[in-house]
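Visitor: Structure of the sequence below:
(2 chains)
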Amino acid sequence: MSSPRKDSRVTYFGVRHHGPGSARQLLDALESLQPEAVLIEGPSDASPLIDYLADDAMKPPVALLCYPKDTPSDAAFWPFAVFSPEYQAARWALANGRPVRFIDLPFAARFPDDPTSEDGSNDTEDPSSPEGTGEENVPLIRDPIGALADAAGYEDGESWWSDIIEENPSPGPVFEAIGDAMTALREGEAEIPKREMRREAHMRLEIAAALKEFEGAIAVVCGAWHVPALRAAGSRANDRQILKGMKKQKLAATWAPWTSARLAFSRGYGAGVAAPGWCLHIWQCHDHGQVATRWLARIAATLRARGHIAPTASLIEAERLAITLAAIRERPNPGFEELRDAAVACLFHGEASLWNLISDELLIGWQIGEIPNDMPLAPLLEDLQRQQKATRLKPEELERELSVDLRSESGLARSTLLHRLNILDVPWGTLADAGRSRGTFREKWALEWNPEYSVRLVENLVYGPTIEKAAASRLADRLKKAETLSAAATGVYDAITANLDEAVATGLEVLEEKSALASDCLDILRTLPPLGDTIRYGHARSTALGSLPGLMARLVTSCAVELDYAGRDLDADASGAFAGALRGADAAVRLVQFGDAIEEHWRQGLERLVDGRQTSPMVRGKATQLLYEAGDISGEDIASLLARHLSPGTAVADAAAFFEGFFDGIAPRLIHDAPLRESVDEWICGLDDEAFTASLPLLRRVFSNLDRMERRRMLDAMIGRRGDGPSGLVPVPGRADVWELQMATLNDLFENGGRRP
Amino acid sequence: MTDTLRLPAEAAFAAELEALKTGDDSQKPNGWVLSPKAVLTYLVGGKAADGTQITPKYIGNRRLMETAVATLATDRALLLLGVPGTAKSWVSEHLAAAIAGDSTKIIQCTAGTDENQVRYGWNYAQLLAKGPSAEALVPTPLYRAMETGSLCRLEELTRMGSDVQDTLITVLSEKMMPIPELNSAVYASRGFNVIATANNRDKGVNELSSALKRRFNVVVLPLPDSMDQEIEIVSRRVDEMAVSLDLPVPKNVSEEIARVLTIFRELRGGTTGDGKVTLKTPSGSLSTAEAIATVIGGLSQAAWFDGGKLTPESLSPNMIGAIVKDPVQDKVVLEEYLEIVLKKRGDYAAYYAALTEHL
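Guide: Residues are numbered from 1 along each chain as shown, chains lettered A, B, ... in the order given. I've put the predicted structure just below:
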C-alpha cells in the first residue's frame, strides 16, 4: 500500500454491515453521486443472483447461499436485512438501471494452501459467517465501528454511529471521515490473515476492471474496514501475484429465506448486530422520526399483548427518564440502552426479569424472509435426491412398508433420513410401531410421498442448506422452546434417532436447565422413560451421549428425594397418574443400571413412600409392589405389610386403593406366590358384607387383567386342586361339574361385567 | 472526634461533597446542591475537579445509579427495591446528602405509622384553644421537604398500611398537599422529591397499590454480582461485628466464610459455581446480610460452646435456619443440593455431614 490511488471516479463507501444508519446515508450519497456502476463486497461468482433482489416477492431478511456443487454442507451464507447497506445499494442500482456486481473473492475460489480438506468434511466452519473464516476472530475486522464505539464507551456501535455520524448533515464527508478513521485504526496493524489479503487484492482488481469498463463515477460499497486497503494503490501485478494459484470449484448459489434472530450476534452470527430488532426500528422510523417514543410504544404493546399493564402515563415518564439518562451519559439521543433502563424503572417497576421476557421479541424480532417461488435451486431438494439415491429409497405416492435393520449401515442411513425428514415436518415415513420397541434393532416404517412435501422442504431452507443441518437447527429451535421437561426429553430422543449430535448437545443443555427448574415430581418421573430409552438407544446407535447418564442420575436422585413429598395427599386421578409414572420411571431406572449408589437412592425414595404416613394409598401400593418385585422386600415382610395396610383399621377405600396400586400389573404373581396369596385371601375374607361389596369393582379390575388361563390356574391354586390349597377346606363332592359352571360365570363376570351380550 | 455515634452522610463526607461542589460547573437542576454528574461521581467514586479522591459509596452496577440520579432529576419519585442487605437505605441517604445536602428528613414507616405522621399533625393544646390554625399545625418531614424544596426519605415504605401509603399519591403527582382543615394547601418548592425504600421479598409488608407504584420510578438493587466482592463485604462486616461483640475471631474464618458464601450463592443463584448443574432455589433470599448473620452466629457458638473452634458443626444450624424458611419446600431444596452437589465435593465433606445431620 503506497500512494493513494489518484482516480477520483471511484467513491468508497465504508459501511457497517447491517447498519441502518449506514444504509440511510448510503442511499442519500448514491442519490447525489449517481454512479454509473455499483460494486458491492460480496462473492463475485454470485453476481448473477443480484437481479433477484429487484423481485418484490423477495422479502428480507434473505441470505445469499453458496455451496460447492458436490458438498452442500460446506455452504456459506451472506445475510441481508432490509436495513443492510449492501441490500439497499443493490436495490438502488437495480431500480435505477445501473450495473451492479459483487467484487469480493469468488466463493468457489480455492488456493493450494487452503486448509479446506479434500474429503469435504469442512463442516467446522460456521455456516453463517458471511466472510468465511478468520474474520470472526479479529474483533476489529468483524465490527470496526463497534470497536470505535466500544472505545468511546458505548454498548453498541449503532448508537455510537447515530450519535457521531448521523448528526453530521452532509453525507459525503461522513464516508470520507470513516475512511480516515479506518486508516488510523489499520495503521501499524500486524500482518492481516492471508485470506483477507487475497480478498482485498481481488476487490482492487475488480475495481480496476470496472474503471476500464465504465466511463462515469463508480460507487464501491464495502465494510468500513476495507476502505483504506482498497483506496491504496497496489500494482495490479502485485495483486495478481497474491491471487496466484486460485482455482475455482463448481459452484451452486441461490437465495434462502433468513430470520431476524440469525442476524443477531448473540445467536452465533459472527458479523451480526447486537439488536436486529432495534436496527429495523431505526430503519422504519426514519420517515417519521420519534424513535424513542415509538420504541416505548412497542414495548408497551408487547407488554400488553402478554397481559401486563402498561399505562400511557408511564410511557411518558419513561421517555422523560430516558432523555435525562441520555443527558447524564452525555449522548445526544436516547439509544436502546437508555430506553431499556428507563422502561425497567418506569414500566416494569424495576423488574429487569420482565424486560428479559420481552427483550428477544423486541431486540431480536421474529421476522422470517421470503423468496420468490421460481428461485432456481433448492439445495434441500437436491440434497434429498442425493440421499434418496444413496439410500435407494424412491419417493412413491403409494403407501408401502419398509423394515430397516439398524445394525446395517444402509438400514441406519435410511432410518436416519426418515427421522430427520420427520423433524422437518415432512412425514414421508411414519414409524409403525412408534417407539415402543425399546432396545430393538429394527424399525418398521410406512412410506408415502406427497408432492406437497417438496414445498414444505423448501420452506425449511430457513433452517439450513442440507437436510442434516436444517433438521438439526429446527430441532434445536424446538428444544429451546420446550415447556416441560418431558417434552425436552422427547426432543433429545428424537435427536438421537435422527443422529443429530448438535441437537443432542442443545437438548442436553435444555434438559440440564429444565431439570433443575422442574419442581413437578410427576413431570420428572415421566421424563425418565424417554431418557432411559435414549440412553439405551444411543448405545445402539453409537451416539455420543455426553452428560446424559449423569443428568439422568441426578434427576433420579432429586426425584427420589422428592418422592414422598410428591406422593402425598393425591386424589384418585392424581394418584393413578403418579403410580403409572412411578412404574415407568422404575423400569427406566433399572433398565439403565446406574450402579449401586443411585439405585440405593431410588430404593430409599420408594421406601419412604411405603413408610410415609401421608403417602396416598395407591402410590404406596405401587411403591410396595416395585420394591417387592425388585426383591427389596422379603416374602415375610410383604405379608405383614399387606396385612397392615389391608387390616380392618384401615379405611376400606384406602385399603382398596393400596390393593389396586399393589396388584396392578402383577396379578399373575398370585398364582405362584403362596404367602402373598394368603395375605390377600385373609383380607378379602375379613371384609364385612358392605365393605366387600364396595371393593368388588376394584377386585374385578385387578383380576380381569388375568387371562382365562391364568384365572384358571389361580383358582386351582386357591381351591387346592394341586393339593397345596388352604387347609381346612373340604372339597365339595362332585365339584368337577360345578367347577365348569363356576368358571363360565367368573369368566363372564370378568370379561363382560356380568351382562351377557 | 465527636460524641455522636454515627454522623449523617452529609457530615461524614462533608469534605468530599465540598470538593465536588467547588469544582462543579455543570448545570444543576433547581434546588440541587450538585449537578447530576457530580452526584453520580459521589455515589460511584472517582475524582473531584481539584483531585480529591471520592470514595465509592455504592459498589455495583453503575447503570442503576445513573437511573436513580436521572429519576430524581426529572421530578419523579424514586423507589429503591431490594432484598435486605442490598444497601437501599445507604444509597437513599447518600443521594439525599449529595442532592439536597440534607439526609435527615426521614419518615420511618411502620405498621403503626398513620396519616398524621406522613402529612401533618396537630398541636392539640393549640387546636383546642384556637381551633384549626396554621400555628396549631405540626409539620412532618414530608411537609418540611415540600416547603423548603428538599428531599424527603421514606424508609421501608411497604411496612405502613396501604391506606396510609396512598396519601402520598396526590403529593407525588400534583406536588401539593391539601390541608382541608385550613382550606389551604402546601405547594412543593422546586427541588422537592421523595426517595422511598422497600423490601421486595419480605413477609408482613403491604403491597403498594398500582396507583402509587406508577408514581415511582423503581430501581431494584441486586445482591452482589461477584463472589470476591461479596466475600469482602461479609469479611469486613464480620470483623467489625466480632469486635463490637467481643467475639474472638479464629484464623480459619475467611475460609469458612468463602464456603458458606459458596453454598449461599449457589442456592440463591440456582446454579453451581462452575455453571454445570442447575439447582432449585429456596424461598428465602439468602442475602449478604443473612450470610453475615450466619457467620456471626457460628462465631458466637464457637466462642461459647465449641472451645473457640469455628467448625461446620457450629455453622450448620445457622445455615439451615437461613436456608430452610419453609419447612417442606426448602427442606427438599437443601436435601437435593446436599445429595447432588455437596456430597461429591471433597472439601465440603464436613459440611455435608454436619448439614445432613442437623437437617
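Visitor: From the contact counts, what lies against the helix or strand of chain B at the bottom of the mean pLDDT ranking?
Guide: Lowest on mean pLDDT, DSSP states H and E among the helices and strands of chain B sits helix B:227-244, with a mean of 77. Contact analysis of helix B:227-244 by 3 or more CB pairs under 8 Å, 6 or more residues apart in numbering or on different chains; DSSP states H and E lists helix B:253-269, helix B:288-304 as its packing neighbours. Yep, even glycine has a C-beta here, placed from its N, CA and C like the rest.
Visitor: Report the buried residues of the first one.
Guide: So that's helix B:253-269. Within helix B:253-269, the residues that count as buried by 16 or more other CB atoms under 10 Å in any protein chain shown are B:253, B:256-268.
Visitor: ok and the residue in the stretch 1-150 of chain B nearest chain A?
Guide: B:Ala70 (4.1 Å; CB to the nearest CB).
Visitor: how many other residues sit next to that residue?
Guide: 28 (other CB atoms under 10 Å in any protein chain shown).
Visitor: would it count as being in a strand?
Guide: No: B:Ala70 is assigned helix when assessed by DSSP: H, G, I helix; E, B strand; the rest coil, not a strand.
Visitor: For whatever residue of the stretch 401-550 of chain A ends up closest to chain B, give its distance to A:Met552.
Guide: Residue nearest to chain B within the stretch 401-550 of chain A (CB to the nearest CB): A:Ala516, separated by 3.1 Å. From A:Ala516 across to A:Met552, the span is 14 Å (CB to CB, to the nearest Å).
Visitor: for B:Leu279, same thing?
Guide: For B:Leu279 relative to A:Met552 (CB to CB), the value is 17 Å.
Visitor: So which of these two has more stuff around it?
Guide: For B:Leu279 versus A:Met552, the count of surrounding residues by other CB under 10 Å is larger for A:Met552: 26 against 21.
Visitor: and chain B, which of its residues are near chain A?
Guide: B:36-37, B:40, B:63, B:66-67, B:69-71, B:73-74, B:76, B:79, B:81, B:210, B:213-214, B:216-220, B:270-271, B:276-280, B:328, B:332, B:335-336, B:339-340 (CB under 8 Å from any CB of the partner chain).
Visitor: Need the buried ones from those selected in PyMOL.
Guide: Typed into PyMOL, the line below selects the buried ones among these, using 16+ other CB under 10 Å:
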select buried, chain B and resi 36+37+40+63+66+67+69+70+71+73+74+76+79+81+214+216+217+218+219+220+270+271+277+278+279+280+332+335+336+339+340
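Visitor: So which of the residues of chain B next to chain A belong to helices?
Guide: B:36-37, B:40, B:63, B:66-67, B:69-71, B:73, B:210, B:213, B:332, B:335-336, B:339-340 (DSSP state H).
Visitor: What are the boundaries of the strands in the stretch 101-250 of chain B?
Guide: B:106-108, B:120-122, B:137-139, B:151-155, B:176-179, B:184-187, B:193-199, B:216-220 (DSSP state E, counting those that start in this stretch).
Visitor: what number of residues lie near the residue of the stretch 401-550 of chain A closest to chain B?
Guide: Neighbour tally, A:Ala516, other CB under 10 Å: 22.
Visitor: isn't B:Thr110 right up against B:Met160?
Guide: Yes: shown here, B:Thr110 and B:Met160 form a contact pair, counting by CB atoms under 8 Å, at 6.3 Å.
Visitor: now the residue in the stretch 101-250 of chain B that chain A sits nearest to: how far from B:Leu78?
Guide: Proximity to chain A, evaluated over the stretch 101-250 of chain B using CB to the nearest CB, is greatest for B:Val218 at 3.3 Å. When distance is defined by CB to CB, B:Val218 is 8 Å away from B:Leu78.
Visitor: Show me chain A divided up by domain.
Guide: A:10-267, A:289-364, A:379-468, A:550-752 (automatic domain parsing).
Visitor: dump the residue contacts of the residue nearest the centre of chain B.
Guide: When CA atoms, centre = their mean is applied to chain B, the residue found nearest the centroid is B:Lys88 (2.5 Å). Counting by CB atoms under 8 Å, 6 or more residues apart in numbering or on different chains, B:Lys88 touches B:Leu80, B:Leu81, B:Gly82, B:Thr197, B:Ala198, B:Leu221.
Visitor: again, only using 6 Å
Guide: B:Leu80, B:Gly82, B:Thr197, B:Leu221 (CB atoms under 6 Å, 6 or more residues apart in numbering or on different chains).
Visitor: domain ranges for chain B?
Guide: According to automatic domain parsing, the ranges for chain B are B:9-220, B:227-358.
Visitor: Distance across the longest one, terminal residue to terminal residue?
Guide: With CA to CA, to the nearest Å as the measure, domain B:9-220 spans 22 Å from end to end.
Visitor: If I look at A:Glu562, what pLDDT would I see?
Guide: At A:Glu562, the model reports a pLDDT of 82.
Visitor: so what pLDDT did the residue nearest to the centre of chain B get?
Guide: pLDDT, B:Lys88: 87.
Visitor: how much space between it and B:Ser287?
Guide: Applying CB to CB to B:Lys88 and B:Ser287 gives a distance of 11 Å.
Visitor: near chain B, which residues of the stretch 551-700 of chain A?
Guide: A:Arg554, A:Thr557, A:Ser558, A:Val561, A:Glu562, A:Tyr565 (CB under 6 Å from any CB of the partner chain).
Visitor: how does it look with 8 Å?
Guide: A:Arg554, A:Thr557, A:Ser558, A:Val561, A:Glu562, A:Tyr565, A:His601.
Visitor: Now for those: which two are most distant?
Guide: A:Arg554 and A:Tyr565 (17.8 Å; CB to CB).
Visitor: what about the two, which has more around it?
Guide: A:Arg554 (21 against 18).
Visitor: residue contacts, the residue nearest to the spatial centre of chain A?
Guide: Note on chain A: the residue nearest the mean C-alpha position is A:Ala476, at 1.9 Å, using CA atoms, centre = their mean. Listed by CB under 8 Å, 6+ apart, the contact partners of A:Ala476 are A:Glu502, A:Ala503, A:Thr506, A:Gly507.
Visitor: number of nearby residues for the last one?
Guide: Spelled out, that is A:Gly507. A:Gly507, neighbours per other CB under 10 Å, totals 28.
Visitor: same thing with the third one?
Guide: With neighbours defined by other CB under 10 Å, the count for A:Thr506 comes to 23.
Visitor: Make sure it is actually in contact with A:Arg478.
Guide: No: using CB under 8 Å, A:Thr506 makes no contact with A:Arg478, being 9.7 Å away.
Visitor: Buried residues in the least confident helix or strand of chain B, which are they?
Guide: B:Glu230, B:Ile231, B:Ile233, B:Val234, B:Ser235, B:Arg237, B:Val238, B:Ala242.
Visitor: Ok, stretch B:79-97 next?
Guide: B:79-83, B:85-88, B:91-97.
Visitor: of all those residues, which comes closest to B:Ile296?
Guide: For these, the nearest to B:Ile296 is B:Gly85 (13.0 Å; CB to CB).
Visitor: gap between A:Met618 and A:Arg603?
Guide: 20 Å.
Visitor: Give me the more crowded residue out of these two.
Guide: Taking other CB under 10 Å, A:Met618 and A:Arg603 do not tie; A:Met618 has more neighbours (27 against 18).
Visitor: Pull the contacting residues for the more buried one.
Guide: Counting by CB under 8 Å, 6+ apart, A:Met618 has contacts A:Leu570, A:Ala572, A:Ser575, A:Gly576, A:Phe578, A:Ala579, A:Ala657, A:Phe658, A:Glu660, A:Gly661.
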